[in-house]
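Undergrad: how would this look folded up:
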Amino acid sequence: MDTDLTEPEHARAEPVDEGSPFGPVGVVGAGAMGAGIAQVAATAGHAVTLVDAAPGAAATAVERIGAALSRLVGKGRLSSDDAAAVLARITPAETLDELPNCGLVIEAVPEDLELKRRIFGELADRQPSTTVLATNTSSIDIDDISAEVADPERVLGLHFFNPPPVMELVEVVHGERTADAYVEHALALMKAWGKTPVRCSSTPGFIVNRVARPFYGEAQRIVEAGIADAATVDWVLREKGGFPMGPLELTDFIGQDVNLAVGTSVWEQTGRDERYAPTAFQQELVEAGRLGRKSGRGVYAYAADGSLDASAQDGGPDLELAGRLVGGPVATDPLARTVAMLVNEAVDLVARGEASADDVDTAMRLGTRYPRGPIEWGREVGFDVVARQLAELDEAYPGGRYRPSPALTDGSLT
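TA: You can find the predicted model right below:
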């Protein structure tokens, strides 16, 4: 069954319980993420003020939200009265001074630390001391963002996934100085908004963007080494692994430049740990302007409408090669190698106490649509088997990328 990635399956328009710890909601930044978050909050019953400093940007975003709600009405998922009520709850604004006293303000501006710090400093000065200040960052440390806030215990991350009205997952991220009471409030509110929240500490990439790094990196390294071509690797991960998209076609869809930037950010924030090192394969794609679907060419070539241009491809997957690789030595098996690395990354994150095993599995199933959570997958394969596979990889490719997590064999996850 095809999944509609532009509309939610169900829309709620009932007001939130008056006893909710949060009242009016402010959203700063009227791009795709900010507008989507505003729609989610208003659909859940909150009065929302959507702020963007660019003249007319917030008003234009409200028009886009209105069009999205109209599509829901046309599909019978929302009544026209409810759609009108949701839209009426959203007020556009151009300055932070126009925000009323809010229970929650969510910042959704570009990933610029200094910009975020300035916004949070202004919000802390203008909003009551009880207002929860949240950032939708996907990569910046929460404590860095709250560095100039006098009361950083109320600053946390609410990382929505794109598009917010559709995607169920929200990472609720706490810094070292975030008070637990605010985290619990945020978890409760996300549930009230119809989302599935997972809790994690503020570490590079949080859960999803960190655990997912090997999914892309192993495929790129396999192609770079000449073990298999891109179409064959993608076929193996899709058809044998059950992933909705192969890693190379997915990076074309995301944008090679965007995916490289996220991976580089995690690598830099982990002290250039070899486990997250960007590949020359992807760097060369970006330097050549082969950014994926949006540029017409990435790993693959695309027609003007964004569809795969079959006439410009080098050929389809080599099924005979795929049959020889899958089940063979782990160093040349795209599926076993990728799964081992995903499991290792997830196990390390849980062992460091950054998130629970259940939250990691939930985040990866909902945030990336993986067929299994990596901890669940590790239990199925056997953590001892994964440890042996990684030791094999580490011997074949020394340098630290494939070092096994001690938690694979210490019994803590059995």
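Undergrad: hey, let's count contacts and neighbours off CA atoms from now on
TA: OK.
Undergrad: show me where pLDDT drops low in this structure?
TA: 1-22, 414 (pLDDT under 70).
Undergrad: Domain map for it?
TA: 25-202, 210-408 (automatic domain parsing).
Undergrad: Export those domains as TSV, with columns for mean neighbour count.
TA: Output for the domains of the chain, formatted as TSV (neighbours: other Cα atoms under 10 Å):
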stretch	mean neighbour count
domain 25-202	20
domain 210-408	19
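Undergrad: for residue 337, what are its contacts?
TA: 218, 330-331, 389 (Cα atoms under 8 Å, 6 or more residues apart in numbering).
Undergrad: which pair in these spans the largest distance?
TA: Spatially, the most separated pair among the contacts of residue 337 is 218 and 389, at 13.9 Å (Cα to Cα).
Undergrad: Out of the contacts of residue 337, which is nearest to residue 263?
TA: residue 218 (12.8 Å).
Undergrad: Can you pull the phi and psi angles for the nearest residue in space to the closest one that is not next to it in sequence?
TA: Leaving aside its sequence neighbours, residue 218 sits nearest to residue 338 (Cα to Cα, 6 or more residues apart in numbering; 6.0 Å). Per-residue torsions, residue 338: phi -70, psi -50 (degrees, to the nearest 10).
Undergrad: so residue 338 makes contact with residue 211?
TA: No. Contact status for residue 338 versus residue 211: not in contact, 11.3 Å apart, counting by Cα atoms under 8 Å.
Undergrad: can I get the CA coordinates of stretch 350-362 in CSV?
TA: Once non-C-alpha atoms are left out, stretch 350-362 reads as follows in CSV (Å, rounded to 0.1, in the frame of the first residue of the first chain):
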residue,chain,number,x,y,z
VAL,A,350,21.8,2.8,24.9
ALA,A,351,24.9,1.7,26.8
ARG,A,352,25.9,5.4,27.2
GLY,A,353,22.5,6.0,28.8
GLU,A,354,21.4,8.5,26.1
ALA,A,355,18.1,6.8,25.3
SER,A,356,16.3,3.6,26.2
ALA,A,357,16.3,0.5,23.9
ASP,A,358,12.6,0.9,23.4
ASP,A,359,12.9,4.5,22.4
VAL,A,360,15.7,3.8,20.0
ASP,A,361,13.7,1.1,18.3
THR,A,362,10.6,3.3,18.2
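Undergrad: which residues make contact with it from outside it?
TA: 198-203, 207-208, 346-347, 349, 372-376, 407.
Undergrad: Same check on stretch 216-223?
TA: For stretch 216-223, using Cα under 8 Å, 6+ apart, the contacting residues are 228-230, 233, 247-248, 251, 276, 278-279, 281-282, 332, 334, 337-338.
Undergrad: Now with 10 Å, please.
TA: 214, 224-225, 227-234, 237, 246-251, 259-260, 263, 275-282, 299, 331-335, 337-339, 341-342 (Cα atoms under 10 Å, 6 or more residues apart in numbering).
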